[in-house]
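Peer 1: sequence and predicted structure are below.
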Amino acid sequence: MTTESPKKIVIEHSDFGDVNQAEIPDALLLSGNVRISHDGVIMNCNKAYYFQKENYIKAFGDVRMVQGDTLFLNGKYAEYNGNMKQAFATGNVVMRSPDMTLVTDTINFDRNTQEAWYNTYGTITNKENVLKSKSGRYYVAQKKFQFLTAVTLTNPKYVLKSNHLDYFNNSGHSYLFGPSTITSEQNFIYTEKGFYDSKKNVGHFLRKSYIKYKDRLIEGDSLYYDRKIEFASATNNVKITDTINKGIVKGHYAEVFKQKDSMFVTKRAVAINLVDKDSVYIHGKILMITGKPENRVIRAFKNARFYKTDLAGKCDSIHSSQKTNITQLIGRPILWNFDNQMTGDVMHLIGNDQTEKLDSLKVLNNAFIISKDTLGTGYNQVKGLNLYGKFRDNKLYEADIIKNTEVIYYMYNDKNELIGINKNVSSKINMTMDGNKIDTMTFFTNVDGDIFPEKDLPENARKLRGFVWRGDEIIRSKDDIFPPEENELNDKIIEQSKAEMAKENVPMEIRKETLDYDKNNPQPKPKVDSEKPTP
């Protein structure tokens, strides 16, 4: 196999030529409008030394090097090795391609690999961005810059900083690796592995990433961001923190629309709000949170549930308004206050604006309270049309049940001996609670009933019409608000994330849209004057 011998440098023009063996041995001294060519590259300068044996040029004064229409290099001094096809330039170096300009002090260019590199501070300018770095490498064929030291990319809308950046000049695509930040007036983005398109203003961030707004922090294993419409989506281990109101929303998929102050969360979604040092957890298959903090509305759809230490519930959907301070449990609602089970057609929990604590409870139509008799096997029951409850320190301490009220209540003496079973009807009942027990019960108007010895009240008479005990559904912890299939999904995602984080971090694969950019975005051809010359 034969290798092609290096082509000789051709001196195309010079005003003067001389040989001075004493001053510069074995060199041809060229001066005045020097023009040199070698295998597709043309060099112009004021003065040059041409070492014919080595096929080597040293060029001085206003050096200009042109490679086709892809690369233009200017400097005060340059060297070019024709055998190695390598160039070196220094002194106010300017390297240009049709898309960008690089200004630095010293640059090296290898024509074999079509790579240029510099280790002196450089500034790269194109239509969208200005990049400044301590060093860099330019891959001519790929139109790619690679920076492995501190680099700053400045765009009119943001500033990007990284210690490892691959920047494709034609597409404006940036590939970030290692600790990197993107700072703008709207937000601050951190990632250790990401992609950003400076033309479309969209990004995709994959490792230890977050987006921080003035009032919100978005975290997730994978983040997508569109700056034009201020939209972000997050996938797996998503956590959105309201930094002003200390609320947290979690799930495994979320969409955040900043301009509309809204978010959509699914896959084990939960909204966590701090109410008087006690967190309230709201879950639904889908969570939607809309509005600015003072007008915020939380909606939970499909199998909605909530939990706090002394109150929990479930229903078809939840609507909670910050403005009205009303949380509505909609569609087959059930509520547990300690071991008291409450059901009804409509339920509203009402907060107090001043204290930010729970104030009252409304259960409208078919209000029904059931609790297990703690000393026996029976059930205490209170039934009526509507229930109005009052909270003190977030605990239900008093309730009025009105219209068509019915009661079955197991009564004990101080020695915890059963006195009898109170069964009666009345127009209204007032109950006070002490912790999880009914403390007093007062009956009003048209009271009709009696206290029956246990033996005189048969088993089938000890349950009011509509009695359904749902003890196996009681939500006793924040983990009980999630259905089993969502917990399984959660465990699987956490396991996958841990495995991914245990792997060594490697740069992102370059996307097809980056590699095919020129093919998919051809430059317009220069217009040709179609007018025929006049004879």
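Peer 2: Yep, it's here.

Peer 1: give me every residue that touches residue 101.
Peer 2: Residues touching residue 101, when contacts are defined by C-beta atoms under 8 Å, 6 or more residues apart in numbering, comprise 94, 95, 124, 125, 126. No exception for glycine: its C-beta is placed from N, CA and C like everyone else's.

Peer 1: recalculate using a threshold of 10 Å.
Peer 2: Applying C-beta atoms under 10 Å, 6 or more residues apart in numbering, we find residue 101 in contact with 72, 94, 95, 123, 124, 125, 126.

Peer 1: and what of residue 164?
Peer 2: For residue 164, the contacting residues are 146-151, 175-180, 192-193, 507, by C-beta under 10 Å, 6+ apart.

Peer 1: can you rerun that using 7 Å?
Peer 2: Neighbouring residues of residue 164 by C-beta atoms under 7 Å, 6 or more residues apart in numbering: 148, 177, 178.

Peer 1: buried residues, stretch 289-299. List them.
Peer 2: 289, 296, 298, 299 (16 or more other C-beta atoms under 10 Å).

Peer 1: now, which of the contacts of residue 164 sits nearest residue 231?
Peer 2: Set against residue 231, the nearest of these by C-beta to C-beta is residue 177 (24.8 Å).

Peer 1: the closest one and residue 16: what is the separation?
Peer 2: 52 Å (C-beta to C-beta, to the nearest Å).

Peer 1: more neighbours: which of these two?
Peer 2: Neighbours per residue (other C-beta atoms under 10 Å) separate residue 177 from residue 16, with residue 177 holding more: 20 against 11.

Peer 1: make sure the more buried one is actually in contact with residue 506.
Peer 2: No: no contact is recorded between residue 177 and residue 506 when judged using C-beta atoms under 7 Å, the distance being 8.1 Å.

Peer 1: rewinding a little: just curious, which of the contacts of residue 101 is nearest to residue 430?
Peer 2: Of all those, residue 126 has the smallest distance to residue 430: 77.1 Å, by C-beta to C-beta.

Peer 1: who's in contact with that closest one?
Peer 2: Taking C-beta under 7 Å, 6+ apart as the definition, contacts of residue 126 comprise 99, 100, 169.

Peer 1: list the contacts for the first one?
Peer 2: When you say that, I think you mean residue 99. By C-beta under 7 Å, 6+ apart, the residues touching residue 99 are 126, 143, 169, 170.

Peer 1: show me the shaky parts of the stretch 201-350 of the chain.
Peer 2: Segments of the stretch 201-350 of the chain classed as low confidence (criterion: pLDDT under 70) are 275-277.

Peer 1: just how off-centre is stretch 84-103 within its chain?
Peer 2: 39 Å (C-alpha atoms, centre = their mean, to the nearest Å).

Peer 1: ugh, typo on my part, it should be stretch 50-69
Peer 2: 52 Å.

Peer 1: for stretch 239-249, same thing?
Peer 2: Relative to the chain's own centre, stretch 239-249 is displaced by 13 Å; criterion: C-alpha atoms, centre = their mean.

Peer 1: hmm, who's touching it?
Peer 2: Under the criterion C-beta under 7 Å, 6+ apart, residues 215-219, 250, 254, 256, 263, 265, 271-274, 287, 289, 293 lie in contact with stretch 239-249.

Peer 1: in it, what counts as buried?
Peer 2: Using 16+ other C-beta under 10 Å as the test for burial, stretch 239-249 gives 239, 240, 241, 242, 247, 248, 249.

Peer 1: ditto for stretch 354-371
Peer 2: Neighbour-count burial for stretch 354-371 flags 358, 359, 360, 361, 362, 363, 367, 368, 369, 370, 371 (criterion: 16+ other C-beta under 10 Å).

Peer 1: make CSV out of the residues you listed and add secondary structure.
Peer 2: What follows is the buried residues of stretch 354-371, written out as CSV (DSSP: H, G, I helix; E, B strand; the rest coil):
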residue, secondary structure
358, strand
359, strand
360, strand
361, strand
362, strand
363, strand
367, strand
368, strand
369, strand
370, strand
371, strand
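
Peer 1: can you give me the end-to-end span of stretch 224-244?
Peer 2: Counting by C-alpha to C-alpha, to the nearest Å, the length from the leading to the trailing residue of stretch 224-244 is 24 Å.

Peer 1: do stretch 133-152 as well
Peer 2: Across stretch 133-152, the terminal residues are separated by 6 Å (C-alpha to C-alpha).

Peer 1: which residues sit in contact with residue 140?
Peer 2: In this structure, residue 140 makes contact with 70, 71, 114, judged by C-beta under 7 Å, 6+ apart.

Peer 1: for residue 87, grab the count of nearby residues.
Peer 2: 25.

Peer 1: so the nearest residue to it once chain neighbours are set aside is in which element?
Peer 2: Setting aside the residues directly before and after it, residue 87 is nearest to residue 109 in space (C-beta to C-beta, 6 or more residues apart in numbering), at 4.3 Å. Taking DSSP states H and E as the definition, one finds residue 109 inside strand 100-110.

Peer 1: quick one: mean pLDDT for that strand?
Peer 2: Predicted confidence along strand 100-110 averages 94 (mean pLDDT).

Peer 1: mind listing what's buried along that strand?
Peer 2: By neighbour count with 16+ other C-beta under 10 Å, strand 100-110 contains the buried residues 100, 102, 103, 104, 105, 106, 107, 108, 109.

Peer 1: need these in a markdown table with distance to residue 45, can you?
Peer 2: Converted to a markdown table, the buried residues of strand 100-110 look like this (distance: C-beta to C-beta, whole Å):
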| residue | distance to residue 45 |
| --- | --- |
| 100 | 24 |
| 102 | 20 |
| 103 | 19 |
| 104 | 19 |
| 105 | 18 |
| 106 | 17 |
| 107 | 16 |
| 108 | 18 |
| 109 | 16 |
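
Peer 1: tell me which of those residues is nearest to residue 417?
Peer 2: Ranked by distance to residue 417 (C-beta to C-beta), these are led by residue 100 at 92.6 Å.

Peer 1: contacting residues around residue 290?
Peer 2: 261, 262, 297.

Peer 1: residue 24: which of the residues you listed is nearest?
Peer 2: Proximity of the contacts of residue 290 to residue 24 (C-beta to C-beta) peaks at residue 261, which lies at 73.6 Å.

Peer 1: any idea how far residue 48 is from the closest one?
Peer 2: When distance is defined by C-beta to C-beta, residue 261 is 66 Å away from residue 48.

Peer 1: of these two, who's got more company?
Peer 2: Set side by side, residue 261 and residue 48 give different neighbour counts by other C-beta under 10 Å, the larger being at residue 48 (27 against 16).

Peer 1: where does that one fall, secondary structure wise?
Peer 2: Assignment of secondary structure by DSSP H and E places residue 48 within strand 41-51.

Peer 1: how much does the next helix or strand after that strand deviate in direction from strand 100-110?
Peer 2: Going down the chain from strand 41-51, the next helix or strand is strand 56-67, by DSSP H and E. Angle between the axes of strand 56-67 and strand 100-110 is 140 degrees (criterion: axes from the mean of the first three to the mean of the last three C-alpha atoms, to 10 degrees).

Peer 1: for strand 56-67, what is the average pLDDT?
Peer 2: Strand 56-67 shows a mean pLDDT of 93.

Peer 1: give me the pLDDT value at residue 200.
Peer 2: Per-residue confidence at residue 200 stands at 92 (pLDDT).

Peer 1: any idea how far it is from residue 100?
Peer 2: With distances defined as C-beta to C-beta, the gap from residue 200 to residue 100 amounts to 18 Å.

Peer 1: next one: residue 364
Peer 2: In this structure, residue 364 lies at 69 Å from residue 100, with C-beta to C-beta as the measure.

Peer 1: swap in residue 257?
Peer 2: Counting by C-beta to C-beta, the gap from residue 257 to residue 100 is 35 Å.

Peer 1: same question, residue 412
Peer 2: From residue 412 to residue 100 the distance is 87 Å (C-beta to C-beta).
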